[in-house]
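S.K.: I'd like to go over a predicted model; first the sequence, then the structure.
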Amino acid sequence: MLARLSIGVVLIACALSASAQPALTSSSLVERFITREDTPLRSYTALRRLHAENLRLSKRATLDACTFLTPEEGFAYRILTEQGSASVRKKVLRAALEAEVRALTTGEAGSAALDPKNYEFGPAEPLEDGLARIPIKARRSEALLINGGFVLDENANLLRVEGQLFKKPSFWVSRAEVVREYARIGGVRVPVRVSSTAWLKLAGRSTFEMTYEYDSINGISLRSSAEVSDACSATVSVAGTP
């Protein structure tokens, strides 16, 4: 059950003021966000750290992997270290990476893009520091779509997408909430953190988190920490318990 939930959640390839700021409108912000010509993410090397846990079942596991995206080979990964429950590592963490391979290969990830074909946009809700939240409602029942909102800054940069899965991953999932955070690194908008919380009918609350540390984007070295550079040339190390 935990595996079904976390795989469904991590597949979501969803991409998304202070009183001194001028009034914001949903139409102007969304239009600027949708029509802006961002530099596309064509390639990267990144260290990812994945963690999943279910306290009621006393199951938890972590996994570190070096991930790669290239125009020629697509998405690939190499596991560096694993610890914790063998079943969670295999059915949740490894499965999450495999699900991403399939989603990017088949184009399924693009079906959840933040655009009017997939979502209805509500009025902008001003937040602190000049940010605004745009409510979204899925136009159809599909596994990758959510009901929630996304946060933009005053320049229409996507910072966060958050909400509840429109379609439950399985009968055993009562509710599943997801958050995907973004940053602009090297002039390119990239995901930096994905997390989910789900409530399972028999197993209770389950959590999943994946963070990204980039070593290069679009062929340009980011001069990241030696840890990231060294990790992507490390050998596989596995440690865990059933």
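M.R.: That came through, no problem.

S.K.: And the residue nearest the centre of the chain, what's its pLDDT?
M.R.: Closest residue to the average C-alpha location of the chain: residue 194 at 3.7 Å, with C-alpha atoms, centre = their mean. At residue 194, the model reports a pLDDT of 95.

S.K.: quick one: secondary structure of it?
M.R.: Taken by DSSP: H, G, I helix; E, B strand; the rest coil, the conformation at residue 194 corresponds to strand.

S.K.: Next: residue 140.
M.R.: With three-state DSSP as the basis, the three-state label of residue 140 is coil.

S.K.: and it, how far is that from residue 111?
M.R.: Distance of residue 140 to residue 111, computed by C-beta to C-beta, to the nearest Å: 10 Å. No exception for glycine: its C-beta is placed from N, CA and C like everyone else's.

S.K.: intersection of neighbour lists for those two?
M.R.: With contacts taken as C-beta atoms under 8 Å, 6 or more residues apart in numbering, the residues that reach both residue 140 and residue 111 are residue 118.

S.K.: tell me the phi and psi of residue 64?
M.R.: phi -110, psi 140 (degrees, to the nearest 10).

S.K.: whoops, residue 91 was the one
M.R.: Reported as degrees, to the nearest 10, the phi and psi values for residue 91 are phi -90, psi -10.

S.K.: burial count for it?
M.R.: Counted by other C-beta atoms under 10 Å, the residues lying close to residue 91 total 19.

S.K.: where along this structure do the strands fall?
M.R.: Using DSSP state E, the strands of the chain run over residues 44-54, 59-70, 74-84, 119-121, 125-126, 132-138, 146-152, 158-165, 173-185, 188-200, 204-217, 220-221, 237-238.

S.K.: so can I have JSON lines of those showing distance to residue 92?
M.R.: As requested, these are arranged in JSON lines below (distance: least, C-beta to C-beta, whole Å):
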{"stretch": "strand 44-54", "distance to residue 92": "5"}
{"stretch": "strand 59-70", "distance to residue 92": "7"}
{"stretch": "strand 74-84", "distance to residue 92": "10"}
{"stretch": "strand 119-121", "distance to residue 92": "28"}
{"stretch": "strand 125-126", "distance to residue 92": "33"}
{"stretch": "strand 132-138", "distance to residue 92": "25"}
{"stretch": "strand 146-152", "distance to residue 92": "20"}
{"stretch": "strand 158-165", "distance to residue 92": "16"}
{"stretch": "strand 173-185", "distance to residue 92": "14"}
{"stretch": "strand 188-200", "distance to residue 92": "11"}
{"stretch": "strand 204-217", "distance to residue 92": "7"}
{"stretch": "strand 220-221", "distance to residue 92": "32"}
{"stretch": "strand 237-238", "distance to residue 92": "15"}
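
S.K.: who has more neighbours, residue 140 and residue 111?
M.R.: When neighbours are counted by other C-beta under 10 Å, residue 111 comes out ahead of the other of residue 140 and residue 111, with 16 against 11.
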